[in-house]
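J.: Output the structure for:
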Amino acid sequence: MNMVVVVGNPKPQSRTMEAAILAAKGLTGEEPDLVLDLADLGPGLLEWGNKDVEAAVASVSGADAVVFASPTYKATYTGLLKLFLDQIPYDGLAGVIGLPLMLGAAPNHALAPEFTLKPVLVELGAICPAPGLYLLDSNYAEDPALNSWIERTQPLLRAIAS
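T.: A predicted model of the protein is given here:
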């Protein structure tokens, strides 16, 4: 399975990236095939026709599964991730398994992946078979919700992939 991680944290090499890689590795047992740290694309995300952004969109559109990860900002995902998603054409994620993941400082926004990020992925054509994953940024690596989500999501990925 071609697994890609897209990280919408404005801070490069963030905890959001670490959590998304942990989730992807937990699902496949391997490192993700590609990790896109959108902070590296910077102002290019504001340019239509930017070759680096177009290559990133093509990689995501051609993946089997993508973990879309963001910290929680103002109860939703970041503007950086929104800029990237805006570059994906209508149905550009058709056939791609979309897995929303968000980190936050408190449990108050635990439904943010489900209510803010997942609808956009579905609008772009992604198949989102599992609930979105929300982890506290203070203990994401030890959070039992991560392993529970992996155990619940793995069979869904296998079923779709076969």
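J.: Spatially central residue in the protein, please.
T.: In the chain, the centroid-proximal residue (Cα atoms, centre = their mean) is Phe68; its distance is 0.7 Å.
J.: hey, what's it bridged with?
T.: Val6, Pro100 (DSSP bridges).
J.: Identify the residues contacting it.
T.: 6, 8, 81, 98-101, 117, 121 (Cβ atoms under 8 Å, 6 or more residues apart in numbering). Bear in mind the C-beta positions are built from the backbone N, C-alpha and C, glycine included.
J.: Which of these ranks first by neighbour count?
T.: Among those, the one with the most neighbours (other Cβ atoms under 10 Å) is Leu99, at 32 neighbours.
J.: so who does the nearest residue to that one once chain neighbours are set aside touch?
T.: Nearest residue to Leu99, sequence neighbours excluded (Cβ to Cβ, 6 or more residues apart in numbering): Val67, at 4.7 Å. Applying Cβ under 8 Å, 6+ apart to Val67 gives the contacts 3-6, 20, 23-24, 32, 99, 101.
J.: Return the closest of these with respect to Ala126.
T.: Leu99 (8.8 Å; Cβ to Cβ).
J.: just checking, the closest one touches Ala23?
T.: Yes - Leu99 lies in contact with Ala23 (Cβ atoms under 8 Å); the separation is 7.2 Å.
J.: Which stretches in the chain count as helices?
T.: Using DSSP state H, the helices of the chain run over residues 15-28, 51-61, 79-86, 112, 118-123, 144-161.
J.: In TSV: the ones you listed, plus distance to Leu36 and mean pLDDT.
T.: Below are those laid out as TSV (distance: least, Cβ to Cβ, whole Å; pLDDT from 0 to 100):
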stretch	distance to Leu36	mean pLDDT
helix 15-28	10	98
helix 51-61	5	98
helix 79-86	8	97
helix 112	21	96
helix 118-123	15	98
helix 144-161	20	94
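J.: quick one: which of the contacts of Phe68 is nearest Asn147?
T.: Leu101 (13.8 Å).
J.: Roughly how far does the closest one sit from Lys51?
T.: The spacing between Leu101 and Lys51, counted by Cβ to Cβ, to the nearest Å, is 28 Å.
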